[in-house]
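Asks: sequence-free structure coming up:
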């Protein structure tokens, strides 16, 4: 596994991802029977153990030290830097955080060259085939307690509590003073904008915020893994291209909670189903192409490709269609001719893959991990 390899190379490894996505469970499974010390920095008793960090490190120098919810003590990175510089053995610290490396600024500044990062997402399609269906994952989202709840009602209740806790505890815990009603109103508004290009002026007016404040709050949601701003493709195609990013709520279950979609039947009948499917498919594809750069492509006349992945001069393109008989638009085919990608896929709820045009394949969601 990537984390084990990183622990063999680097003094510190950070696993970053949204709260409740399974970071702590994953870390404990990885460490297994090896000697380690685990501290949950949400716990006052555990935080107090680091009052004299040098003494603590000396006492457990022969063990790996796992620090969970590190974003609550960003000032601690300067201490870690000093300790790592004394002893640069690989695999000394495993750090878990519910915010991106950009939001935990001190880690980027203090531990440069001393830490390896890896992101952990909620459950992906390739991980749940033995416990759930893709339709259940789409409806409930990938957070373990939501997906594995006994019924749809319990899952929905868990997500309501998750959202409330995120606004009441997690955001203030990052040192951010955002009024709960303001964040709740903005997040609900973003759910209705899911899958659309961002018009900052229109969105700020609807949220009753200034544009700079809107961008600041969007950055918070993006850096805590709640929202994705998918950038437009930068390409010279001799066409007028849309240059605003597209906005998605990253977890489909959280999206459905804000839109009060509790059952699969209601989801299929809802006008947002197509945009929800698009975001769900995109998150799975992007997560499985870690080093590929994601973007989308839309021209001023409406031709669009939902996802373009680029790496080392190669391109792969994906279109998402909520249909058993998907038919990409003529504009999609025209853009394929212009881009000349390595491969082109249409992700749809079909039973098996098949070729729909020269070099263009329709793929069911269960085979996303193979693309």
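Replies: Received it, and whenever you're ready, just let me know what you need. Nothing here was measured: the structure is a model prediction, and the numbers come from that model.
Asks: residues in contact with residue 84?
Replies: 11, 12, 92, 93, 111, 114 (C-beta atoms under 8 Å, 6 or more residues apart in numbering). (Glycine included, C-beta is placed from N, CA and C.)
Asks: and if we set it to 6 Å?
Replies: 11, 114 (C-beta atoms under 6 Å, 6 or more residues apart in numbering).
Asks: From residue 303, how far off is it?
Replies: Taken as C-beta to C-beta, to the nearest Å, the spacing of residue 84 relative to residue 303 amounts to 51 Å.
Asks: try residue 38
Replies: Applying C-beta to C-beta, the value for residue 38 to residue 303 is 52 Å.
Asks: And for residue 192?
Replies: Distance, residue 192 to residue 303, by C-beta to C-beta: 25 Å.
Asks: Residue 61 now?
Replies: Here the distance between residue 61 and residue 303 works out to 60 Å (C-beta to C-beta).
Asks: which residues sit against stretch 36-44?
Replies: The contact list for stretch 36-44 (C-beta under 6 Å, 6+ apart) reads 46, 47, 60, 63, 64, 65, 66, 67, 68, 69, 72, 73.
Asks: what's the distance between that stretch and the middle of its chain?
Replies: The gap between the average C-alpha position of stretch 36-44 and the chain average comes to 24 Å, counting by C-alpha atoms, centre = their mean, to the nearest Å.
Asks: same question, stretch 75-93
Replies: Mean C-alpha position of stretch 75-93 versus that of the full chain (C-alpha atoms, centre = their mean) differs by 28 Å.
Asks: Heading C-terminal from the one helix or strand residue 5 maps to, find the next helix or strand.
Replies: Of the helices and strands defined by DSSP states H and E, residue 5 is found in helix 2-7. Remark: after helix 2-7, the chain's next helix or strand is strand 12-16, criterion DSSP H and E.
Asks: if I look at the closest residue to residue 168 other than its chain neighbours, how far off is residue 169?
Replies: The shortest distance from residue 168 to any non-neighbouring residue, by C-beta to C-beta, 6 or more residues apart in numbering, is to residue 180 (6.3 Å). Using C-beta to C-beta, one gets 11 Å for the distance from residue 180 to residue 169.
Asks: which parts of stretch 28-45 are buried?
Replies: Neighbour-count burial for stretch 28-45, with 16 or more other C-beta atoms under 10 Å as criterion, is recorded at 30, 31, 36, 38, 39, 40, 41.
Asks: what's stretch 336-353 in contact with?
Replies: For stretch 336-353, contacts defined as C-beta under 6 Å, 6+ apart pick out 237, 281, 314-321, 323, 326, 328, 359-364, 371.
Asks: repeat for stretch 242-250
Replies: With contacts defined as C-beta under 6 Å, 6+ apart, stretch 242-250 is touched by 191, 193-194, 197-198, 228-232, 255, 279, 283, 296, 298.
Asks: where along the stretch 1-150 of the chain do the strands fall?
Replies: Secondary structure of the stretch 1-150 of the chain by DSSP state E, counting those that start in this stretch: the strands cover 12-16, 36-40, 64-68, 93-97, 115-119.
Asks: Just name the most buried of these.
Replies: Ranked by average neighbour count under the criterion mean count of other C-beta atoms under 10 Å, the strands of the stretch 1-150 of the chain are headed by strand 12-16 at a mean of 25.
Asks: strand partners of that strand, parallel vs antiparallel please.
Replies: In the sheet, strand 12-16 lines up against strand 93-97 (parallel), strand 115-119 (parallel) (DSSP bridges).
Asks: Of all those, which one comes closest to residue 148?
Replies: For the strands paired with strand 12-16, the distance to residue 148 is smallest for strand 93-97, at 20.7 Å, taking C-beta to C-beta.
Asks: Quick check: mean pLDDT of the closest one?
Replies: For strand 93-97, the per-residue pLDDT values average out at 92.
Asks: what does it rub up against?
Replies: Outside strand 93-97, the residues that touch it by C-beta under 6 Å, 6+ apart are 12-16, 23, 27, 65-68, 70-71, 104.
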